[in-house]
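**Q** what follows is a predicted protein model with its sequence.
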Amino acid sequence: MSIEQLPEYVTFLLDQAVYPHPVETVELIQTHISFVTVAGEYVYKWKKPVNFGFLDFSTLPKRKACCEQELQLNRRLCPDIYLETVTINRGDGALALNGSGEVLEYGVKMARMPEERMMSRVIAAGKLRESDLDHIIDRLVPFYEQADGSEAIRKFGRAQAVAVNVLENFEQTEGFVDQGALSRVQFQAISEYGRRFLAREDLFEQRILAGRIRDCHGDLYSANICLDGQIHIFDCIEFNDRFRYSDVAADVAFLAMDLDFHGLNELSRLFIDRFAARSEDAGLLQMLNFYKCYRAYVRGKIGLFTAADPVVDGTVRKNCLAQAGRYFELAHGYARAGQD
């Protein structure tokens, strides 16, 4: 997206002088749902006015509510990172960050984490260690033990509730089939496997009875983990409770899938084996392949959505489609493995 196409407030935020703290340069990062401005020692996250059905940021009040929810939920694992909600205001004809006058936009202010210790960069550098996974497990096990597992949340572990999330993906991506990233063969194999597994309602009931349905993170993969001294696991799902209220197996399967995606299959198995042992949850193993398939498919879907955004430039679009294709290939592999 060229600077001329950016929303007015985003262009305003690209000027280092508008921040109340030292800033040498401002970096703008875009996702399919957010603008992120990296400014000095802080990061500001702003939600795009989009509505994908499962996610609705289409109005200012909805974006405000989601910012407040994002702050509260992420403080469970990152109390020192998620600092406050912020505003863009217009007063006397001029924009201001946390100013007076009409509120144009709401955002979340975060402390900036060391980029070289982001797990995705550590993986890219070939420096991920077993001890890093042990530290992540040390953070996750008590988190899940303390997370809400009330009756209102347990119902999201039933097969019918899980099916809402899984089958929705197929409805949302059918129009992309045979358009370059997702083949008809892959689509049919993955959707058939998902439906067959969902029919095994007894497995889902066993997980509920075992107390494994919790208010989880919802987006647990390397892009949202920083391997600094305390291990920060950030950017949980705040925009839709049904993506966060889930089997713990669905959460950890995401990170296991992510390790598979990066070719770290041995570390993926090690992570799951050690997590299952530490949490005394051997039952998650029978759910693992299904949830890894689901997670890989979701990542592929996000790539399709990002590539379809008309404001995304050609290079980003091409890269997103290529990455989506890799995720769908991985999901297809899980589906074939589940049929054996």
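**A** Arrived safely, thanks for sending.

**Q** state the helix or strand in which Ser246 lies.
**A** strand 245-247 (DSSP states H and E).

**Q** helix or strand right after that strand?
**A** For strand 245-247, the following helix or strand on the C-terminal side (DSSP H and E) is helix 248-261.

**Q** can you list contacts of that next one?
**A** Helix 248-261 is contacted by residues 136, 140, 144, 207, 212-214, 216-222, 225, 265, 267-269, 271-272, 275, 279, 281, 283-284, 287-288, 291-292, 294-296, 299, 326-327, 330, 334 when judged by C-beta atoms under 8 Å, 6 or more residues apart in numbering. Placement of C-beta: from N, CA and C, glycine included.

**Q** which stretches of the chain form helices?
**A** Chain-ordered helices for the chain, with DSSP state H as the definition, fall at 8-13, 60-74, 119-124, 130-146, 151-154, 159-173, 184-198, 201-209, 241-244, 248-261, 265-278, 285-308, 314-339.

**Q** is it possible to export the ones you listed to JSON lines including mean pLDDT, mean neighbour count and distance to Leu83?
**A** Formatted as JSON lines, the helices of the chain follow (pLDDT from 0 to 100; neighbours: other C-beta atoms under 10 Å; distance: least, C-beta to C-beta, whole Å):
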{"stretch": "helix 8-13", "mean pLDDT": "96", "mean neighbour count": "18", "distance to Leu83": "17"}
{"stretch": "helix 60-74", "mean pLDDT": "98", "mean neighbour count": "17", "distance to Leu83": "8"}
{"stretch": "helix 119-124", "mean pLDDT": "98", "mean neighbour count": "18", "distance to Leu83": "22"}
{"stretch": "helix 130-146", "mean pLDDT": "98", "mean neighbour count": "16", "distance to Leu83": "20"}
{"stretch": "helix 151-154", "mean pLDDT": "97", "mean neighbour count": "14", "distance to Leu83": "28"}
{"stretch": "helix 159-173", "mean pLDDT": "96", "mean neighbour count": "17", "distance to Leu83": "31"}
{"stretch": "helix 184-198", "mean pLDDT": "98", "mean neighbour count": "18", "distance to Leu83": "39"}
{"stretch": "helix 201-209", "mean pLDDT": "98", "mean neighbour count": "16", "distance to Leu83": "36"}
{"stretch": "helix 241-244", "mean pLDDT": "96", "mean neighbour count": "18", "distance to Leu83": "22"}
{"stretch": "helix 248-261", "mean pLDDT": "98", "mean neighbour count": "26", "distance to Leu83": "25"}
{"stretch": "helix 265-278", "mean pLDDT": "98", "mean neighbour count": "16", "distance to Leu83": "30"}
{"stretch": "helix 285-308", "mean pLDDT": "95", "mean neighbour count": "22", "distance to Leu83": "27"}
{"stretch": "helix 314-339", "mean pLDDT": "95", "mean neighbour count": "18", "distance to Leu83": "29"}
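
**Q** show me what contacts Ala10?
**A** If you look again at residue 10, you'll see it is Val, not Ala. When contacts are counted by C-beta under 8 Å, 6+ apart, Val10 touches 28, 35, 37, 46.

**Q** residues near the last one, how many?
**A** In this case it means Trp46. 21 (other C-beta atoms under 10 Å).

**Q** next one, pLDDT for it please.
**A** On pLDDT, Trp46 comes in at 97.

**Q** Gln186 is in contact with Arg326, isn't it?
**A** No - look at Gln186 against Arg326 with C-beta atoms under 8 Å: they stay out of range, at 11.7 Å.

**Q** could you list the domains of the chain?
**A** 3-112, 117-339 (automatic domain parsing).

**Q** can you give me the end-to-end span of the longest one?
**A** In domain 117-339, first residue to last residue: 38 Å (C-alpha to C-alpha, to the nearest Å).

**Q** before we move on, back to that, could you dump the helices of the chain to TSV with distance to Ile233?
**A** Below are the helices of the chain laid out as TSV (distance: least, C-beta to C-beta, whole Å):
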stretch	distance to Ile233
helix 8-13	26
helix 60-74	9
helix 119-124	9
helix 130-146	6
helix 151-154	19
helix 159-173	21
helix 184-198	27
helix 201-209	22
helix 241-244	13
helix 248-261	10
helix 265-278	13
helix 285-308	16
helix 314-339	21
